[in-house]
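A.B. asks: Give me a 3D structure for the following:
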Amino acid sequence: MASTYTPIATTTLGSAAASYTFSSIPSTYTDLVLVFNGGTTSNGPSMLIRINGDTTSNYSDTALDGTGSSAISTRHSNGTYITVTNDVGVAGTLGAQTSTIHFQNYANTTTYKTVLVRANNATSNGYPGVSAVVGLWRKTPEAINSITLTTASTTFLAGSTFTLYGILAA
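C.D. replies: Take a look at the predicted model:
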């Protein structure tokens, strides 16, 4: 990682888990970067983000997914989460999926929050090879102090890692 990245927290799951939450995120950085590397216990579920425990319809996202031979685009409006990727990976394959998630200007209390995602599924079996997603959290502007990653219908494998970095202004 660039020298401007400061590790805030990292976790490697000791057992399968339905979700993981970073909480008590300090507001001392300009932006956040969350890196996920892992897999799931069943094939191809969506990975999802919720911010500050908000489960209301304040989220939207647009995604582009490609396999090298085909491409798809999806859009969600007024959702209860941001979709990180439409397909996390193939069951039981640790390290099958890596996501880098950027939270722009996360501590600002006057603007909605933008989330940018790059994801890679290193396996085949009909799941997208790469994803690019832009998401928006439209709750009354507040600083992000917790981030939850979950999946639509499965659990993350033991050994999956979640790392949160803070970025200082250059």
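A.B. asks: contacting residues around Ala158?
C.D. replies: 13-16 (C-beta atoms under 8 Å, 6 or more residues apart in numbering). C-beta: built from backbone N, CA, C; applies to glycine.
A.B. asks: Can you list which of these are found in strands?
C.D. replies: Assignment to strands by DSSP state E places none of the contacts of Ala158 there.
A.B. asks: what's the spacing between the helix or strand hosting Phe162 and its chain's center?
C.D. replies: Secondary structure assigned from DSSP states H and E places Phe162 in strand 161-167. Its chain's average C-alpha position is 11 Å from that of strand 161-167, according to C-alpha atoms, centre = their mean, to the nearest Å.
A.B. asks: Repeat that for stretch 95-106.
C.D. replies: Worked out by C-alpha atoms, centre = their mean, stretch 95-106 lies 5 Å from the chain centre.
A.B. asks: from now on call the first residue 298
C.D. replies: With the count now opening at 298, the last piece we talked about shows up as stretch 392-403.
A.B. asks: Identify the residues contacting that stretch?
C.D. replies: By C-beta under 8 Å, 6+ apart, stretch 392-403 touches 322, 324, 326-337, 344, 346, 381-382, 385-387, 408, 410-420, 440-441, 444.
A.B. asks: hmm, back to that, which of the contacts of Ala455 fall within helices?
C.D. replies: Among those, the subset assigned to helices under DSSP state H is empty.
A.B. asks: Show the buried residues in those residues.
C.D. replies: Those of the contacts of Ala455 that meet the buried threshold are Leu310, by 16 or more other C-beta atoms under 10 Å.
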